[in-house]
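Visitor: just coords:
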């Protein structure tokens with residue numbers, strides 16, 4: 001036998017081109033022509049930490065795209081660039097646009113969400129993370145079911161009717177993880193009625209964690225928690241991963257939670273080449289765990305950080321920006337910036353004070369029809385509000401006038417019951433220990449109840465998914481159905497191509513769907529869509545991971561199909577409007593108690609976030625901005641017996657603008673209208 005020789009590979013960073021040899025004049029793209037001065041500075045500053053404060057409509061995405069291309073042209077290998085965004089679609093769109101302006105090297109950049117990136121690393125380094133390589137990812141509903149199972153199994157709330165429901169329990173656990181606050185703190189702040197149960201909830205949380213480990217499953221929060229632990233507890237591995245991702249860009253940094261920011265810092269620990277892009281003025285998601293302090297404290301984390309503010313707005317006319325800037329003048333903590341635009345106009349934001357929410361709805365409908373006559377398409381008009389119920393009267397008025405509209409929100413594709421059923425079939429094919437998925441699949445069979453499903457699930461786990469381990473169930477009335485189902489799943493497990501596998505599962509599921517859903521004919525299209533989606537994947541693992549991490553944009557049963565040319569008005573909460581823009585925007589019910597919300601008056605921090613909500617709403621408008629302040633309105637939870645009408649005060653945020661009469665114009669409503 002010949003002698004075995006070793007050949008040592010050098011770290012990739014040693015083959016990076018010398019930055020001193022880079023000459024921008026040789027680039028394919030003329031960056032100085034394509035970008036404004038501040039954008040160009042953010043693109044060119046590739047070494048060291050950079051905080052880019054990107055004002056609304058200031059070309060943040062364009063800056064990131066050109067920075068990606070710039071790094072590639074500078075000679076940085078694509079695999080050493082990491083782009084973290086809050087949706088997979090955003091990352092894909094950026095890399096696609098970067099490819100269009102440069103070449104295919106941009107497609108090879110590592111881009112995606114924090115959760116998707118965490119999933120990739122945890123599967124690659126599963127051994128070091130003490131995880132099973134084929135772990136399943138629980139969606140929200142499945143995680144709730146598992147929490148409920150543990151609660152029942154461990155005897156929690158057996159004799160206590162005040163114990164939180166499963167969805168509340170998971171909300172408490174998730175908020176604790178994402179805000180890095182104790183369960184006790186979460187209870188005291190958000191669920192004071194359960195504050196005395198904190199000991200029991202902490203025990204339940206620990207039992208839930210153990211249960212997930214035993215079943216080789218992770219929930220969404222675990223992906224981030226486990227990645228952070230992996231990086232913190234494995235210093236050498238952390239350094240290796242950091243060197244692999246030598247240039248890091250994090251989009252929407254103001255929306256990161258404490259774990260995501262810590263992961264960002266750990267990934268940059270070997271080089272500090274990190275660009276954090278965001279806008280402190282658009283930090284509005286604290287209820288999801290987003291931490292405003294992350295973007296404010298970034299310069300403290302990196303003392304040599306360069307701060308670049310993008311202030312030129314390409315969306316709105318100048319009067320709208322002057323009004324929006326004035327909203328933030330009274331913010332207690334912010335980065336200094338003033339949005340400006342070259343889009344001059346004499347039209348100012350309009351303030352209207354209708355007598356009631358009904359007259360508010362009447363005005364909006366009439367003005368929308370006027371705009372439509374002026375050539376503004378319905379899909380270019382939006383009505384924004386603080387809470388979904390604020391649009392109740394408007395929706396009735398729109399329907400009565402036959403004005404089509406769409407309201408953002410609703411059931412996601414994979415959250416539809418029949419789609420979840422089929423996904424659970426796929427999950428047990430991948431991971432026989434996934435008791436949550438087995439439970440849902442077995443309950444589809446006639447005669448199988450919760451107790452029977454639990455018994456069968458335990459036996460399947462012991463027998464590694466084999467029907468041979470179920471011999472003790474042979475006398476049960478549902479035996480034949482269970483035996484046939486398990487055997488069919490075992491045979492499908494041998495199918496390699498994901499589309500073929502999903503199709504086989506669909507054929508197995510169709511008879512069960514007919515039994516379990518009276519309207520099964522409406523659901524068939526969704527199952528066929530799932531089969532079609534699978535044709536785009538090369539492995540069942542990647543297909544399942546994408547379904548769990550981010551929902552494909554497909555219709556679900558009961559939803560109206562919207563054609564591309566189907567013109568509809570947009571109704572949206574302000575939270576859902578962030579990142580979007582329209583020709584004309586109506587912001588309704590601008591009264592104290594609505595915006596700011598009564599529930600957000602407990603601290604200066606909460607009030608500041610409410611102020612930023614109004615800023616976000618106003619900066620969605622390109623040409624027309626209408627601000628409505630009804631003089632009296634209905635309180636939440638009104639009924640025909642007690643309508644709850646009350647006189648209202650204008651939002652304090654409008655009252656803070658000392659020169660509001662100079663920055664806006666007022667319209668007085670005239671004419672007769674029964675309201």
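Guide: Ah, there it is. Because the structure is a prediction, the values reported are computed rather than measured.
Visitor: quick one: mean pLDDT over the strand ranked longest in the chain.
Guide: As assigned by DSSP state E, the longest strand anywhere in the chain is strand 621-628. For strand 621-628, mean pLDDT rounds to 97.
Visitor: stretch 216-225 now?
Guide: 94.
Visitor: likewise stretch 375-391?
Guide: Mean predicted lDDT for stretch 375-391 stands at 91.
Visitor: can you check stretch 335-353 too?
Guide: Mean predicted confidence for stretch 335-353 is 94.
Visitor: how far does that stretch sit from the chain's center?
Guide: From the chain centre to the centre of stretch 335-353 is a distance of 29 Å (Cα atoms, centre = their mean, to the nearest Å).
Visitor: end to end, how far does that stretch reach?
Guide: For stretch 335-353, the first-to-last residue distance is 33 Å (Cα to Cα, to the nearest Å).
Visitor: what do you get for stretch 425-437?
Guide: OK, stretch 425-437 end separation, Cα to Cα: 7 Å.
Visitor: can you give me the offset of that stretch from its chain's centre?
Guide: Using Cα atoms, centre = their mean, the offset of stretch 425-437 from its chain centre is 26 Å.
Visitor: which residues touch it?
Guide: 132, 134-136, 138, 142, 145-146, 149, 214-217, 423-424, 438, 441, 457-458, 460-461, 464-465, 489, 492-493, 501-502, 505, 508-509, 540-541, 544 (Cβ atoms under 8 Å, 6 or more residues apart in numbering). Every C-beta, even on glycine, is put in place using the N, C-alpha and C of the backbone.
Visitor: just stretch 477-485 next, same as before
Guide: 441-442, 445-448, 452, 456, 467, 470, 473, 476, 508.
Visitor: now it, how far from the centre of its chain.
Guide: 40 Å.
Visitor: do the same with stretch 448-462
Guide: That offset, for stretch 448-462, works out to 34 Å (Cα atoms, centre = their mean).
Visitor: coming back round to it: sort out which of the contacts of stretch 425-437 are in helices and list them.
Guide: 142, 145-146, 149, 214-215, 423-424, 438, 441, 457-458, 460-461, 489, 492, 501-502, 505, 508-509, 540-541, 544 (DSSP state H).
Visitor: show me what the stretch of helix or strand residue 99 belongs to is packed against.
Guide: Residue 99 is part of helix 88-101, with elements assigned from DSSP states H and E. Here helix 88-101 touches helix 60-73, strand 81-85, strand 110-113, going by 3 or more Cβ pairs under 8 Å, 6 or more residues apart in numbering; DSSP states H and E.
Visitor: how distant is the shortest one from the center of its chain?
Guide: Looking back up the chat, that one is strand 110-113. That offset, for strand 110-113, works out to 14 Å (Cα atoms, centre = their mean).
Visitor: quick one: strands adjacent to the longest strand of the chain?
Guide: strand 350-352 (parallel), strand 582-587 (parallel) (DSSP bridges).
Visitor: mind listing the strands for the stretch 501-650 of the chain?
Guide: 569-573, 582-587, 621-628, 632-634, 645-647 (DSSP state E, counting those that start in this stretch).
Visitor: report the mean confidence score over the second one.
Guide: Averaging the model's pLDDT scores along strand 582-587 yields 98.
Visitor: next, the angle strand 569-573 makes with that strand.
Guide: If you take axes from the mean of the first three to the mean of the last three Cα atoms, to 10 degrees, strand 582-587 sits at 50 degrees to strand 569-573.
Visitor: residues contacting strand 582-587, please?
Guide: 364, 367, 371, 376-377, 380-385, 570, 574, 614, 617-618, 620-628.
Visitor: for PyMOL, what selects the buried ones among those?
Guide: A single PyMOL command selects the buried members of those (16 or more other Cβ atoms under 10 Å):
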select buried, resi 364+367+371+376+380+381+382+383+384+385+570+574+614+617+618+620+621+622+623+624+625+626+627+628
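Visitor: can you tell me which of the strands paired with strand 621-628 is nearest to residue 338?
Guide: strand 582-587 (20.8 Å; Cβ to Cβ).
Visitor: re earlier: in ChimeraX, select just the buried ones from the ones in helices among the contacts of stretch 425-437.
Guide: Only the buried entries of the ones in helices among the contacts of stretch 425-437 go into this ChimeraX selection, using 16+ other Cβ under 10 Å:
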select :142,145,146,149,215,423,424,438,441,457,460,461,489,492,501,502,505,508,509,540,544
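Visitor: weakest of the helices and strands packed on helix 88-101 in terms of mean pLDDT?
Guide: Among the helices and strands packed on helix 88-101, strand 110-113 scores lowest, with a mean of 90.
Visitor: which helix or strand lies directly C-terminal to that strand?
Guide: Following strand 110-113 in sequence, per DSSP H and E, is helix 114-124.
Visitor: next, the buried residues of that next one.
Guide: Those buried within helix 114-124 under the rule 16+ other Cβ under 10 Å are 114-119, 121-123.
Visitor: from the residues you listed, which is closest to residue 70?
Guide: Distances from residue 70 to the buried residues of helix 114-124, taken by Cβ to Cβ, are shortest for residue 117, at 22.0 Å.
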